[in-house]
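Asks: Next come a sequence and a model predicted from it.
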Amino acid sequence: MRNPLSDTIVKIKPSGIRKFFDIVSEMEDAISLGVGEPDFDTPWHIRDEGIYSLEKGRTFYTSNAGLKELKEEIVKYIQRTQEIIYDAGHEVIVTVGGSEAIDIALRAMINPGEEVLIPQPSYVSYEPCAILAGAVPVIIELKEENEFRLTAEELLNAITDKTKVLILPFPNNPTGSIMEREDLEAIAEVIREKDIFVISDEIYAELTYKNKHVSIASLPGMQERCVLINGFSKAYAMTGWRLGYACAPKEIMEQMLKIHQFAIMCAPTTSQYAAVEALKNGDNDVAMMRESYNQRRRFLMHEFKQMGLTCFEPYGAFYVFPCIREFGMTSEEFANRLLKEEKVAVVPGTAFGDCGEGFLRISYAYSLENLKIALDKIKAFISRLREEK
C-alpha cells in the first residue's frame, strides 16, 4: 500500500510539553506547574458580552478579517498603548488565537528555501510552522548571561543571503525574558540594514513587571517590516475563546487574509463580541491579574534564592526558567524524577529548543497556595539530590 503520510509532517516532533500534560492528567493528586494558561476566569463583564451575543442570535459568520467593530478597537488599543497607527480596514486580521496568526504570517511571507531566524528557547510552534511554510529554520541560541535576550551581534551573525524573516518572541515563553527599548533599537538597526522582516509575537505584552512593553513596530522604519501578533488568551484570561489578531502592512495582510479565508473562514463570532468588551473596558482586569502574577513571581524568586537554585530574574509573561545543571541530570530526567517522587509537574527546558537543556520552565499562573505547596516539594526534592551527591 502506498504511504498515505507526508514526509514533512512525520519528521516534525510532537510538542515536548504535551507529554507531561498527558501524564499529569492521569495523576489525580499531582500538582502541575506546567500549563501556560491563566488560572483566572475570564472577567464576568467579558463573559456577559459573549452570552449576550448568543442570546441576540449573533451566531453567523463575520467577515473573513473579523468584526469591523473589533478591528477598530484593536487599532485604538495599539495606538494608545504603543503609539502605532494601523488601518482597521486593510492592516488588521482577527485570527483563531495568536498561533494561527503565526502560521499564516509565515506562509504569506516565505518562499521555499528561505530562512527564518528563530531565537530559542521559545514557544514550541515557531519551528514547525516555519517548516510547514517551506522555510529553513535557523536557530539562534539565546544565552543565560544575556538574560535570554536577543543581541544585535547574535542576529547579525545568523543572517545570510537567504534570510527573510526574524521571529521576535518577547516577552518570552518559556524564559520570561523581555527586550527593552535599547535592545530593540539595536536589533532594528540590523533588520533595516540587512533588509529582512519581523514577526513579533507580543502575546504577553500586557504582562511585564519592569518597564512598559515596547513593540519593535513602534520604532522608526519598522512598522512596514513587521507583522505584530497579539491576542486575548493571556492578558484577559481568554484561552478557550481562541482569539488573536495580527497587524501588518497591507501587501502582507492581503496574502494572510487569503490563507485565513480558505483554511478558517473567520474567527468565532461569540469570541469576537466578547473581545470588543475586553478592549473597551478590560484595562482594570489586566492590571489586577498582572499585579497578582507579579506577587507570585517575586515569591518564586525569593524561594529559589532560599533553596540556592540559580534563576535569572524574569520580567515578563508568567514563567521562570531556573537552572538545574548543578545536579548533573538532563532537564527531562529532573522533570521525570520530580513528577514521580514529589508529584509536581514542570516542563523540561528542552521542550523549547536544545539550548533549553539544563533548565526547567515553571509557570506561576497558579494560586499562591498551590505554589507554596509545590515549592515545598521542590525544596525537599532538591535537598535529597544534594545529599545524593
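Replies: Looks like it came in fine.

Asks: which stretches of the stretch 251-389 of the chain form strands?
Replies: With strands called from DSSP state E, counting those that start in this stretch, the stretch 251-389 of the chain shows them at 319-320, 344-345, 347-348, 360-363.

Asks: what's the average pLDDT for the third one?
Replies: Per-residue pLDDT values across strand 347-348 average out to 96.

Asks: what do you get for stretch 100-119?
Replies: 98.

Asks: Just the CA atoms of that stretch, as CSV, please.
Replies: What follows is stretch 100-119 as a C-alpha-only set of coordinates in CSV (Å, rounded to 0.1, in the frame of the first residue of the first chain):
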residue,chain,number,x,y,z
GLU,A,100,-3.0,30.9,13.7
ALA,A,101,-1.6,34.4,13.1
ILE,A,102,2.0,33.0,13.3
ASP,A,103,1.2,30.2,10.8
ILE,A,104,-0.5,32.4,8.2
ALA,A,105,2.1,35.2,8.5
LEU,A,106,4.9,32.7,7.7
ARG,A,107,3.0,31.1,4.9
ALA,A,108,2.2,34.5,3.4
MET,A,109,5.8,35.7,3.5
ILE,A,110,8.1,32.7,2.8
ASN,A,111,9.2,31.2,-0.4
PRO,A,112,10.6,27.6,-0.3
GLY,A,113,14.2,27.5,0.9
GLU,A,114,14.2,31.0,2.5
GLU,A,115,15.5,31.1,6.1
VAL,A,116,13.5,32.1,9.2
LEU,A,117,15.6,33.0,12.2
ILE,A,118,14.1,31.6,15.5
PRO,A,119,15.7,32.6,18.8
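
Asks: okay, the strands of the stretch 251-389 of the chain, which one's buried deepest?
Replies: Among the strands of the stretch 251-389 of the chain, ranked by average contacts under mean count of other C-beta atoms under 10 Å, first place goes to strand 347-348 (a mean of 28). For the C-beta atoms, the positions are set from N, CA and C on the backbone; glycine is no exception.

Asks: list the helices and strands that strand packs on?
Replies: For strand 347-348, the contact count by 3 or more C-beta pairs under 8 Å, 6 or more residues apart in numbering; DSSP states H and E identifies helix 16-25, helix 331-342, strand 360-363 as packing neighbours.

Asks: Now do the buried residues in the longest helix along the chain.
Replies: If you go by DSSP state H, the chain has its longest helix at helix 283-307. Buried positions in helix 283-307, judged by neighbour count with 16 or more other C-beta atoms under 10 Å: 285-286, 289-290, 292-294, 296-297, 300-301, 303-304, 307.

Asks: Can you say which of the helices and strands packed on strand 347-348 is packed in most?
Replies: Among the helices and strands packed on strand 347-348, highest average neighbours (mean count of other C-beta under 10 Å) belong to strand 360-363, with a mean of 26.

Asks: Can you name the secondary structure element that comes next after the least confident helix or strand in the chain by mean pLDDT?
Replies: Using mean pLDDT, DSSP states H and E, the weakest-scoring helix or strand in the chain turns out to be helix 16-25, at a mean of 70. Counting by DSSP states H and E, the element after helix 16-25 in chain order, helix or strand, is strand 31-32.

Asks: Tell me where the stretch 251-389 of the chain is predicted with low confidence.
Replies: For the stretch 251-389 of the chain, no stretch is flagged by pLDDT under 70.

Asks: can we see that at 90?
Replies: Per-residue confidence for the stretch 251-389 of the chain (pLDDT under 90) gives these ranges: 387-389.

Asks: Likewise for the stretch 1-150 of the chain?
Replies: Residues of the stretch 1-150 of the chain meeting the criterion pLDDT under 90: 12-32, 34-36.
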